[in-house]
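Chemist: structure of the sequence below:
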Amino acid sequence: MTDKVQRESMEFDVVIVGGGPAGLATACRLMQLAGDNGAELNIVVIEKGSEIGAHILSGNVFDPRGLTELFPDWADRGAPLATTVTGDDIHYLLSPSAGQRVPGFLVPAPMHNRGNYIVSLGRVCQWLGEQAEALGVNVFAGFAAAEVVYDHEGRVRGVLTSDMGIGKDGRHKPGWQPGYELLGKYTVFAEGCRGNLGESLMKRFDLRRDADPQHYGIGLKEIWEIDPALHEEGKVVHTLGWPLDNQTEGGGFLYHAADNKV
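Modeler: Here you go, the predicted model:
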């Protein structure tokens, strides 16, 4: 996108790329610290989705300890943590119709989820976005970061957002608008596990020099409404085995949320 187009530029103390849990929690905590120290911060969070939470599709077993540190009164604030985990099962599947439950004493401690909650991570992010805005954070939804901005010494200076009104052929459509230049004293990249800007930064600054190769997996997620007789609200089930073979890592999960949803 680097070109000679005149772009509107905005200055902030902190630019945060990504309106997921990490980016929003960062924004909230910085604003809290600024308030505690009588300082003012101008922070912007940009999110490519049309609204906060729009691109967060996952159900989630949520450990509330981090949220409690950030907002000790999260329950009074209406955080969407309504379904408490009531039990855990792990099953080794042998075929589409056969499997075996793993005894509890063989289940690793991190797989025990009592005290956690089954949540929609998208709704949690929507709520975090509301808390961030209440603290004075600027939240720009519908703006994708397209390029990192560097200063003349090669330091990260901010980001450019994508142009709007580009056709599939790359040409400008009627109503085309150039993206914005969002500049900050600090830029936080919270894009997720495979963000375009994060990948470019890793290459530019050789951030993976002493790291193991990145490991990715494919996740297929659906929401089912099941027979109430089969539903156990709060139950967490993880699976190993079928349909994967012994050479393939992976497994499955079922989270019994509210309203007969899994």
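Chemist: which element is residue 203 on?
Modeler: Taking DSSP states H and E as the definition, one finds residue 203 inside helix 196-205.
Chemist: buried residues, that helix. List them.
Modeler: For helix 196-205, burial by neighbour count (16 or more other C-beta atoms under 10 Å) applies to 197-198, 201. In short, each C-beta sits where N, CA and C put it, glycine included.
Chemist: span of stretch 86-102 from start to end?
Modeler: With C-alpha to C-alpha, to the nearest Å as the measure, stretch 86-102 spans 17 Å from end to end.
Chemist: with the buried residues of helix 196-205 in mind, which one is nearest to residue 182?
Modeler: Distance to residue 182 across the buried residues of helix 196-205 (C-beta to C-beta) is lowest for residue 197, with 12.2 Å.
Chemist: let me know whether the closest one touches residue 148 as I believe.
Modeler: Yes. Between residue 197 and residue 148 there is a contact under C-beta atoms under 8 Å: 5.5 Å.
Chemist: residues shared between the contacts of the two?
Modeler: Common neighbours of residue 197 and residue 148, counting by C-beta atoms under 8 Å, 6 or more residues apart in numbering, are residue 159.
Chemist: mind listing what's buried in stretch 244-262?
Modeler: 254-257, 261-262.
Chemist: and the contacts of that stretch?
Modeler: With contact meaning C-beta under 8 Å, 6+ apart, stretch 244-262 is reached by 59-61, 82-83, 93, 118, 120, 217, 223-228, 231-241.
Chemist: and if you look at stretch 72-81?
Modeler: Residues contacting stretch 72-81 (C-beta under 8 Å, 6+ apart): 62, 64, 67-68, 71, 117, 119-120, 123-124, 126-127, 131.
Chemist: can you give me the strands for the stretch 151-262 of the chain?
Modeler: 156-161, 164-166, 172-177, 181-189, 235-241, 252-255 (DSSP state E, counting those that start in this stretch).
Chemist: which of these sits most buried?
Modeler: strand 156-161 (a mean of 22; mean count of other C-beta atoms under 10 Å).
Chemist: which helices and strands sit right next to that strand?
Modeler: strand 9-17, strand 145-150, strand 181-189 (3 or more C-beta pairs under 8 Å, 6 or more residues apart in numbering; DSSP states H and E).
Chemist: got the end-to-end distance for stretch 94-113?
Modeler: First-to-last residue span, stretch 94-113, C-alpha to C-alpha: 25 Å.
Chemist: give me the distance from it to the chain's centre.
Modeler: Its chain's C-alpha centre and that of stretch 94-113 lie 28 Å apart, by C-alpha atoms, centre = their mean, to the nearest Å.
Chemist: likewise stretch 56-72?
Modeler: On C-alpha atoms, centre = their mean, the centre of stretch 56-72 falls 11 Å from the chain's centre.
Chemist: how about residue 133, nearest residue that isn't a chain neighbour?
Modeler: Spatial nearest neighbour of residue 133, excluding adjacent residues (C-beta to C-beta, 6 or more residues apart in numbering): residue 139 at 5.6 Å.
Chemist: what comes into contact with whichever strand or helix holds the one you found?
Modeler: For residue 139, the host element (DSSP H and E) is strand 138-141. Strand 138-141 is contacted from outside by 12, 19, 42-47, 49-52, 54, 129, 132-133, using C-beta under 8 Å, 6+ apart.
Chemist: mind listing the helices for this structure?
Modeler: Here the chain has its helices, by DSSP state H, at 21-36, 65-70, 121-134, 196-205.
Chemist: out of those, the one nearest residue 158 is which?
Modeler: helix 196-205 (11.0 Å).
Chemist: with just CA atoms, put the closest one into CSV.
Modeler: Output of helix 196-205 as CSV, limited to C-alpha atoms (Å, rounded to 0.1, in the frame of the first residue of the first chain):
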residue,chain,number,x,y,z
ASN,A,196,-0.2,-10.4,8.7
LEU,A,197,1.6,-7.6,10.4
GLY,A,198,3.0,-9.9,13.1
GLU,A,199,4.4,-12.1,10.3
SER,A,200,6.1,-9.1,8.6
LEU,A,201,7.5,-7.9,12.0
MET,A,202,9.0,-11.3,12.7
LYS,A,203,10.8,-11.3,9.3
ARG,A,204,12.0,-7.7,9.5
PHE,A,205,13.4,-8.0,13.0
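Chemist: many thanks, I have nothing further to ask.
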